[in-house]
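>>> structural data only, the sequence is not supplied:
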Ligand SMILES: [K+]
Ligand SMILES: [K+]
């Protein structure tokens, strides 16, 4: 009985937390990218007017190429942190949205079937 | 009884409207992008021969980089409006097409099973 | 009885033909892109050593930007033919591969369950 | 009886091996790309500080364009090996991650339903 309540709490925590998880993961990703790229001296990328723009352009895989890492260490940060995590975060958000849309359509169709 | 009819109408409106929704969302996206980018002075991007080309290149994530925003405000418009909405619209269209194809194949297979 | 046989034939034709459909669609896409871009004078893109390379770089959305259309008509060909059809063909192929892999895993799992 | 055990072994090998398969395929992909591009003389791409960076930028479809093949043979290697295999490997990894996440959510939901 107690075990049931604990599992119920955990499960509801997990499902309710998943939005927060994405927000938290995004915050860690943005902050980590900034700290690493500033530390290795990528001054163009971390300039105030460029950083978020460059990060969105990169994580979305648009990749205009107007800004890209020029230092050896900066290239490793982009290869091993910015691109892999950026794409995973993006895929996670797309999966969540796709799941929501598909559920919405399913309910709409079930509603129609029950009425006819 | 009346409630059933209302829900039926709403549901059929939703399903029939979803094509219109995509068209409407695309129109708002294209017009909004044009107005915002013209307002911040991105004259290269909003030039008549470039704008739709640049928007397709960006929303498809091809991103050649032959045109990209050069003003601080233009970079914010691209980061917060053009790329996020462009990719969502693209994902929405791909999901709709994928859903249609998958349903078509399912019906084909069911047809085959019923015959054998 | 005759109707059943006709439907069975059509269904099996559809499922067997879908690989051919992709090959045919790809051929039309490559030839059409070449003819349109040569007609509007995009000589760099349709140069023998560049064309397939540029088409793969574009349809995959890598988009290095070392070659991109420079004529107004070439930009319309890329916006309305090369990119939309290229991405659809790519999505079609990815869907087919993903479907095949998922079916393979499902059969593997069912096999395991039946044995245990 | 012996056949069952053989099939069980093969099936479990397949499912357990699939992580190893991805690692092995990635190793073959990286080594092959390096050998082919070095052989055709793409010295900028295969430079120690650039190669993995360039490969990640390409396979992720970010494609900044700061490095791209300049020799005719290098363009064929990128068109027929680096991009198609890179995107397939990427899709394979995304499919595996998506499958894992979806299974995790399904179990969480089933857990919740059983408790209520
Ligand atoms: K690019
Ligand atoms: K790109």
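Sure thing, it's come through. Note that this is a predicted model, so its numbers are computed, not measured. Numbering: from 1, shown residues only, chains lettered A, B, ... in the order given. Ligands and ions are numbered 1, 2, ... in the order given.
>>> show me which residues of chain A sit near chain C.
Within reach of chain C by Cβ under 8 Å from any Cβ of the partner chain, chain A has these residues: A:61, A:63-65. For glycine as for every other residue, the C-beta is placed from the backbone atoms N, C-alpha and C.
>>> and those as a markdown table, adding neighbour count, pLDDT and secondary structure?
As requested, those are exported to a markdown table (neighbours: other Cβ atoms under 10 Å in any protein chain shown; pLDDT from 0 to 100; DSSP: H, G, I helix; E, B strand; the rest coil):
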| residue | neighbour count | pLDDT | secondary structure |
| --- | --- | --- | --- |
| A:61 | 22 | 92 | coil |
| A:63 | 30 | 95 | coil |
| A:64 | 26 | 96 | coil |
| A:65 | 23 | 95 | coil |
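>>> which of those residues come close to ligand 2?
With Cβ under 5 Å from the ion as the criterion, the members of the residues of chain A next to chain C in contact with ligand 2 are residue A:63.
>>> format the residues of chain A next to chain C as a markdown table; extra columns: distance to chain B.
Rendered in a markdown table, the data for the residues of chain A next to chain C read as follows (distance: Cβ to the nearest Cβ, whole Å):
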| residue | distance to chain B |
| --- | --- |
| A:61 | 5 |
| A:63 | 5 |
| A:64 | 4 |
| A:65 | 4 |
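>>> how about the nearest residue to residue A:70, chain neighbours excluded?
Of all residues not flanking residue A:70 in the chain, residue A:42 sits nearest, at 7.0 Å (Cβ to Cβ, 6 or more residues apart in numbering or on different chains).
>>> what's the burial count for that neighbour?
By other Cβ atoms under 10 Å in any protein chain shown, the residues close to residue A:42 number 25.
>>> can you tell me how far it is from ligand 2?
The spacing between residue A:42 and ligand 2, counted by Cβ to the ion, to the nearest Å, is 20 Å.
>>> for that residue, phi and psi?
phi -80, psi 70 (degrees, to the nearest 10).
>>> related to what we said a few turns ago, which single one of the residues of chain A next to chain C is nearest to residue B:88?
If you rank the residues of chain A next to chain C by distance to residue B:88 using Cβ to Cβ, residue A:61 comes first, at 14.4 Å.
>>> wait, isn't the closest one in contact with residue C:61?
Yes: contact between residue A:61 and residue C:61 holds when scored by Cβ atoms under 8 Å: they sit 6.8 Å apart.
>>> overlap in contacts of those two?
Contact criterion Cβ atoms under 8 Å, 6 or more residues apart in numbering or on different chains; residues shared by residue A:61 and residue C:61: B:61, B:63, D:61, D:63.
>>> quick one: contacts for the residue in chain A that ligand 1 sits nearest to?
Chain A approaches ligand 1 most closely through residue A:63 (3.7 Å), counting by Cβ to the ion. With contacts defined as Cβ under 8 Å, 6+ apart, the neighbours of residue A:63 are A:57, B:61, B:63, B:65, C:63, D:57, D:61-65.
>>> if we use 10 Å, what do you get?
With contact taken as Cβ atoms under 10 Å, 6 or more residues apart in numbering or on different chains, residue A:63 is in contact with A:54, A:57, A:83, B:61-65, C:61-65, D:57, D:60-66.
>>> how about residue A:44?
Counting by Cβ under 10 Å, 6+ apart, residue A:44 makes contact with A:37, A:50-51, A:54, A:66-70, A:74.
>>> got JSON lines for those residues, with secondary structure too?
As requested, the contacts of residue A:44 are arranged in JSON lines below (DSSP: H, G, I helix; E, B strand; the rest coil):
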{"residue": "A:37", "secondary structure": "helix"}
{"residue": "A:50", "secondary structure": "coil"}
{"residue": "A:51", "secondary structure": "helix"}
{"residue": "A:54", "secondary structure": "helix"}
{"residue": "A:66", "secondary structure": "coil"}
{"residue": "A:67", "secondary structure": "coil"}
{"residue": "A:68", "secondary structure": "coil"}
{"residue": "A:69", "secondary structure": "coil"}
{"residue": "A:70", "secondary structure": "coil"}
{"residue": "A:74", "secondary structure": "helix"}
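>>> now list the buried members of the residues you listed.
Neighbour counting with 16 or more other Cβ atoms under 10 Å in any protein chain shown marks A:37, A:50-51, A:54, A:66-69, A:74 as buried within the contacts of residue A:44.
>>> right, I'll call it a day here.
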